[in-house]
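Asks: no sequence for this one, just the structure:
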């Protein structure tokens, strides 16, 4: 597997919510990442894919809820988000795609 494919596998999708939009004003971007991704992997992937410098990476693991769908019990998947803080002068526009 090439290094670029590894980076695309590390960053699954941007998280676009009201809270993440407010954080973007403070040079922070939120991404959905695999549960197995480390902070070092996430930092390397963001720097290579977007040509920016990363100051810090914070991760959040959200456990899946137990829910009922038409009376059948089920469980939502666990997922991990990464809040990436960029150095001053760098920015990422998540509304446009990767080129």
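Replies: That came in fine, so what should we check first? Model, not experiment: these values are computed from the prediction.

Asks: Next, the distance between the ends of stretch 47-56.
Replies: 12 Å (Cα to Cα, to the nearest Å).

Asks: Please apply the same query to stretch 31-48.
Replies: Counting by Cα to Cα: the opening and closing residues of stretch 31-48 are 15 Å apart.

Asks: Also stretch 36-55?
Replies: Terminal residues of stretch 36-55 lie 21 Å apart, using Cα to Cα.

Asks: quick one: residue 83 is in a strand?
Replies: Yes - according to DSSP: H, G, I helix; E, B strand; the rest coil, residue 83 belongs to a strand.

Asks: Name the nearest residue to it, sequence neighbours excluded.
Replies: Leaving aside its chain neighbours, residue 83 sits nearest to residue 58 (4.5 Å; criterion: Cβ to Cβ, 6 or more residues apart in numbering). In short, each C-beta sits where N, CA and C put it, glycine included.
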